[in-house]
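> coords below, sequence missing:
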């Protein structure tokens, strides 16, 4: 039931769901500057998420980390160099965001946001060289080359794509957390 | 750090009517069910991997692993000989008596191989290759869990016309020729000795000039 085929589809669907959330956030963020209804929608969504930004970001980081470990430890897909760089960015987020949720401390967004942004850039570059391998090394070795994808679910979702989606959603959540922190009245 | 930052979220959370976390976990559960149903519905049985039963027979000395084409110690030494089959079970052999010859090792998941194969095939279609030089390919490092599997479908879709020798699961043919990266080219002279070995993509103009030196 939870074989590789099922799990990579599951993680790909989660990535697409994260993409949808990020697109909605970006559209609302931009549209709010030009449209009153979109501005109201953005405020409503921010209010809805207030208090949930950190738990949701923690959930995304945890699922991403578990997915990464599933690929390497259960299915035995060897992580490449850029996979490791992204792990370095993602794994600490589980601890950082977990502690922030525990302490209900939104100021952690100041640290988690940049970390997730770096991971997002690394994942974007990794996905780029997978999509355009001519920009990577000109050959594939037995040690996992960064520009060779293990799979392309739906023809385009690879492991760095999934990481990119996760990082992007964490960045969105951290941004919302900071905006909501600024707007809350000091008690 | 302000007090609002630390405590504001909790007070709001208690007033909220929308069960955000329940919705998120519900959505995740739905996606998991969709994944189970879809992957189960699309599972029409295991794809028969000819690679799993491919058993090429290799004779002769193994070539050293290629480190640098410019200082390759294998140049001038006899190639190993291989008898095996393609993915349809047809016999394919690599013999010293077949020289001059070019042997192209490819992996189905390798993006450079995916670029090289159609380029070479297009060159073959337009020029017919270099007269007197045989081109044979070896499908190696087959991995059912990796991209662009299976190799026989990939090569068929590319209209690949050169003979394909299926390497075994341990990639023994690749190892016998000292390959450590794909695409991997072994050029063989008329005496059955290594003329050159190159790892990585090469453009068709360079390929043609190398092949022409084999019959010069």
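The structure has been received and is ready for your questions. For clarity, every value in this text was computed on a predicted model and none was experimentally measured.

> what residue ranges in the chain score low on pLDDT?
In the absence of a named chain, this looks at chain A. Where chain A drops to pLDDT under 70, the residues are A:1, A:136-139, A:141-144, A:184-187.

> my question was about chain B
When residues are selected by pLDDT under 70, those of chain B lie in B:1-17, B:41-53.

> What residue spans form the domains of it?
For chain B, whose domains are defined here by automatic domain parsing, the residue ranges read B:3-41, B:50-215.

> Wondering if the lengthiest helix in chain B reaches chain A at all.
Determined from DSSP state H, the single longest helix within chain B is helix B:20-41. Yes: when contact is scored as CB under 8 Å from any CB of the partner chain, part of helix B:20-41 falls within range of chain A: B:20-21, B:24, B:27-28, B:31-32, B:34-36, B:38-40. Yep, even glycine has a C-beta here, placed from its N, CA and C like the rest.

> Tell me which residue lies nearest the centroid of chain B.
When chain B is reduced to its mean C-alpha position, the nearest residue by CA atoms, centre = their mean turns out to be residue B:107, at 0.8 Å.

> That one contacts residue B:141, correct?
Yes: proximity of residue B:107 to residue B:141 meets the contact threshold set by CB atoms under 8 Å, at 4.1 Å.

> which parts of the longest helix of chain B are buried?
Neighbour-count burial for helix B:20-41, with 16 or more other CB atoms under 10 Å in any protein chain shown as criterion, is recorded at B:20, B:24, B:28, B:31, B:32, B:35, B:36, B:39.

> ok, now stretch B:205-214?
Taking 16+ other CB under 10 Å as the basis for neighbour counts, the residues of stretch B:205-214 that come out buried are B:207, B:208, B:210, B:211, B:214.

> and what of stretch B:178-187?
Within stretch B:178-187, the residues that qualify as buried by neighbour count (16+ other CB under 10 Å) are B:178, B:179, B:181, B:182, B:183, B:184, B:185, B:186, B:187.

> Then stretch A:68-78?
The neighbour-count criterion (16+ other CB under 10 Å) identifies A:68, A:70, A:71, A:72, A:77 as the buried residues of stretch A:68-78.

> Can you list phi and psi of the second one for me?
The main-chain torsion angles of residue A:70 are listed as degrees, to the nearest 10 and equal phi -60, psi -50.

> gap between it and residue A:3?
Distance of residue A:70 to residue A:3, given as CB to CB, to the nearest Å: 11 Å.

> for residue B:64, what are its contacts?
Going by CB atoms under 8 Å, 6 or more residues apart in numbering or on different chains, residue B:64 touches B:73, B:74, B:178.

> Could you find the residue nearest the spatial middle of chain A?
Nearest to chain A centroid, counting by CA atoms, centre = their mean: residue A:166, 1.6 Å.

> you'd agree it is up against residue A:61?
Yes: with contact taken as CB under 8 Å, residue A:166 and residue A:61 are classed as touching, separated by 7.3 Å.

> Return every residue with contacts to both of these two.
Overlap between the neighbourhoods of residue A:166 and residue A:61 consists of residue A:90, taking contacts as CB under 8 Å, 6+ apart.

> Sort out for me which of the buried residues of stretch B:178-187 are in strands.
B:181, B:182, B:184, B:185, B:186, B:187 (DSSP state E).

> Would you state the helices of chain B in chain order?
B:3-15, B:20-41, B:50-53, B:111-127, B:151-157, B:172-176, B:204-215.

> Just put those helices in TSV and tack on distance to residue A:116.
Putting the helices of chain B into TSV (distance: least, CB to CB, whole Å) gives the following:
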stretch	distance to residue A:116
helix B:3-15	19
helix B:20-41	18
helix B:50-53	40
helix B:111-127	28
helix B:151-157	37
helix B:172-176	40
helix B:204-215	44
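
> With adjacent residues omitted, what lies nearest to residue A:70?
If the residues on either side of it in the chain are set aside, residue A:70 comes closest to residue A:7, at 6.2 Å by CB to CB, 6 or more residues apart in numbering or on different chains.

> Beyond the helix or strand encompassing that neighbour, next helix or strand please.
Using DSSP states H and E, residue A:7 sits within helix A:4-31. Counting by DSSP H and E, the element after helix A:4-31 in chain order, helix or strand, is helix A:36-49.

> which outside residues touch that following helix?
Taking contacts as CB under 8 Å, 6+ apart, the residues outside helix A:36-49 that touch it are A:24-25, A:27-29, A:31-33, A:56, A:173, A:176, A:179-180, B:16, B:18, B:20.

> what's the farthest-apart pair in the residues you listed?
Of all pairs drawn from the contacts of helix A:36-49, the widest gap by CB to CB lies between A:33 and B:16 and measures 27.1 Å.

> What is the neighbour count of the closest residue in space to residue A:58 that isn't next to it in sequence?
Leaving aside its sequence neighbours, residue A:58 sits nearest to residue A:97 (CB to CB, 6+ apart; 4.0 Å). Residue A:97: 29 surrounding residues under other CB atoms under 10 Å in any protein chain shown.

> Isn't residue A:97 up against residue A:63?
No: shown here, residue A:97 and residue A:63 do not form a contact pair, counting by CB under 8 Å, at 12.0 Å.

> Which stretches in chain A count as helices?
With DSSP H as the criterion, chain A has helices spanning A:4-31, A:36-49, A:53-69, A:81-103, A:109-131, A:159-183.

> Those into JSON lines, with extra columns for distance to residue B:167?
As requested, those are arranged in JSON lines below (distance: least, CB to CB, whole Å):
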{"stretch": "helix A:4-31", "distance to residue B:167": "23"}
{"stretch": "helix A:36-49", "distance to residue B:167": "53"}
{"stretch": "helix A:53-69", "distance to residue B:167": "30"}
{"stretch": "helix A:81-103", "distance to residue B:167": "26"}
{"stretch": "helix A:109-131", "distance to residue B:167": "24"}
{"stretch": "helix A:159-183", "distance to residue B:167": "26"}
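
> quick check, nearest of the ones in strands among the buried residues of stretch B:178-187 to residue A:148?
Distances from residue A:148 to these, taken as CB to CB, are shortest for residue B:182 (9.5 Å).

> ok, and the most crowded of the contacts of helix A:36-49?
Most surrounded of those: other CB under 10 Å gives residue A:173, at 29 neighbours.
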